[in-house]
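1. Generate a structure from the sequence data that follows.
(one chain, ligands or ions: 1)
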Amino acid sequence: MPENTTAPTRAMRLGVAGPVGTGKSSLIATLCRALSGELRLGVITNDIYTDEDARYLKSAGVLDPERIRPVETGACPHTAIRDDVTANLLAAEDLEADFGSLDLVIIESGGDNLTATFSPALVDAQLFVLDVAGGGDVVRKGGPGIARADLLVINKTDLGPYVGVDVERMAREGREARRGGSVVALSRHDEESIRMLTGWVRDTLARYRAGDHTPVDPGPMAPHSHADRDGKGGHTHTHADSATHTHDQAPAHAGPSA
Ligand SMILES: Nc1nc2c(ncn2[C@@H]2O[C@H](COP(=O)(O)OP(=O)(O)OP(=O)(O)O)[C@@H](O)[C@H]2O)c(=O)[nH]1
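-> Here you go, the predicted model:
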């Protein structure tokens with residue numbers, strides 16, 4: 001039988017990004033609790049000045065503490081997951097070297113704003129976490145993570161009634177913003193929602209192993225300009241603010257939002 005040369009040989013790297021306090025560490029603890037019996041896991045956390053998230057996960061007792069590694073970014077969180085991913089790549093490679101083969105390495109970004117996403121040079125797939133406590137309209141504000149991460153998680157749905165947010169509507173608007181892309185409405189108190197999340201991780205890992213998963217870069221793209229083909233003057237722009245922006249000037253554009 002011919003060998004599948006596209007099948008990867010290392011663990012899948014899954015990025016978890018989203019604004020401060022939306023529940024990224026808690027979600028990772030939930031994933032570890034649910035999946036550590038069936039998958040060989042490692043976790044890397046990113047904090048600006050501390051190893052707070054790594055300490056939280058270690059104290060949660062969901063994984064061998066040796067498998068949880070902190071990266072101290074010392075700068076804006078997006079720098080270490082997007083602009084220069086070296087520290088995180090080294091941490092991921094060290095984890096795999098220390099524990100032999102792993103199935104999944106989860107990388108938590110420091111809490112950042114709506115534009116922070118992982119570079120595909122670091123992760124194979126990424127999820128973006130919002131929470132209902134941030135308000136139902138956050139999802140309508142858009143941004144690359146909301147629109148184009150592999151999965152959008154709307155977290156802490158149990159808080160919906162207390163903060164006056166219609167969770168179903170928020171999830172529906174999330175799907176619309178993503179043009180049908182995957183959305184999971186999650187609460188760590190809701191087993192069914194945890195099954196949806198773990199099911200998505202298993203499916204993505206299966207596709208990754210089969211060589212059927214293509215990492216995408218949600219952006220934001222660097223500002224750029226196009227040739228002045230129509231005499232109106234080329235214009236410099238970014239794609240950070242809109243999932244619907246299209247290039248009417250460029251016939252073919254590399255990137256998911258073109
Ligand atoms: N009610 C409720 N609270 C949650 C849930 N998930 C997390 N939280 C709480 O939300 C708060 C923030 O959770 P974290 O997991 O620390 O959030 P984070 O995104 O990792 O935070 P940063 O790393 O600071 O950006 C904590 O008080 C959690 O206990 C949930 O499903 N429901």
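2. Is there proximity between the host helix or strand of Ala206 and the ligand?
-> Element membership for Ala206, per DSSP states H and E: helix 191-209. No: judged by CB under 6 Å from any ligand atom, helix 191-209 stays clear of the ligand, getting no closer than 8.7 Å. Quick note: C-beta positions are derived from backbone N, CA and C, even for glycine.
3. try stretch 155-174
-> Yes: residues of stretch 155-174 are located near the ligand by CB under 6 Å from any ligand atom, namely 155-156, 158-159.
4. Count the neighbours of Leu90 for me.
-> Residues near Leu90, counting by other CB atoms under 10 Å, number 13.
5. and it, what does it touch?
-> By CB atoms under 8 Å, 6 or more residues apart in numbering, the contact set of Leu90 is empty.
6. Can you give me the distance of the residue of the chain most remote from its centre to the ligand?
-> Most distant from the centre of the chain: Gly231, at 39.9 Å, with distances by CA atoms, centre = their mean. Taking CB to the nearest ligand atom, to the nearest Å as the measure, Gly231 falls 48 Å from the ligand.
7. How many neighbouring residues does the closest residue in space to His189 that isn't next to it in sequence have?
-> Among residues not flanking His189 along the chain, Asp158 sits closest, at 5.0 Å (CB to CB, 6 or more residues apart in numbering). Asp158 has 15 neighbours, counted by other CB under 10 Å.
8. Pro120 in helix, strand or coil?
-> coil (DSSP: H, G, I helix; E, B strand; the rest coil).
9. Now Ala34: which helix or strand?
-> helix 24-35.
10. still on that earlier bit, let me know the pLDDT of the residue farthest from the centre of the chain.
-> Listed pLDDT for Gly231 reads 71.
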